[in-house]
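Participant: Give the three-dimensional model of this entry:
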Amino acid sequence: MVAVIVLLLLTVIAGSVIVGTVVADARRSGQEMLPETSQVRIDAFRERSEDVRARSHSLASSALSRPQSLGSSLRHAHAERRRDAQRATVA
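Facilitator: This is a model prediction of the structure:
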């Protein structure tokens, strides 16, 4: 079963490489292999991926700037739960 999966993956990779080289060669020679609608979708995907990359970078940098506040709030919440549990066992 593992051999079948590996062979399928190798076939998909080989096919992708072949199609990619044919499309790249055609673009270099001035021919367009993709229809206009596909090119529009590819351009839209590139724009969205750049937007996502920019947003994820800003989110990561803001998260890295606040690790102490998150840690202290988690410790505070854990301490409150522990106190509540002790009160429940005493009562």
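
Participant: Please state the offset of stretch 35-55 from the chain centre?
Facilitator: 15 Å (Cα atoms, centre = their mean, to the nearest Å).

Participant: per-residue confidence for T21?
Facilitator: Among the per-residue scores, T21 holds a pLDDT of 90.

Participant: Which strand or helix spans it?
Facilitator: T21 is part of helix 2-28, with elements assigned from DSSP states H and E.

Participant: what does E32 give?
Facilitator: Applying DSSP H and E, one finds E32 in no helix or strand.

Participant: List the residues that contact H57.
Facilitator: For H57, no residue meets the contact criterion (Cβ atoms under 8 Å, 6 or more residues apart in numbering). Where you see a C-beta, it was placed from the backbone N, CA and C, and this is true even at glycine.

Participant: Dihedrals phi and psi, it?
Facilitator: phi -70, psi -40 (degrees, to the nearest 10).

Participant: swap in G30?
Facilitator: Per degrees, to the nearest 10, the backbone of G30 is at phi 100, psi 0.
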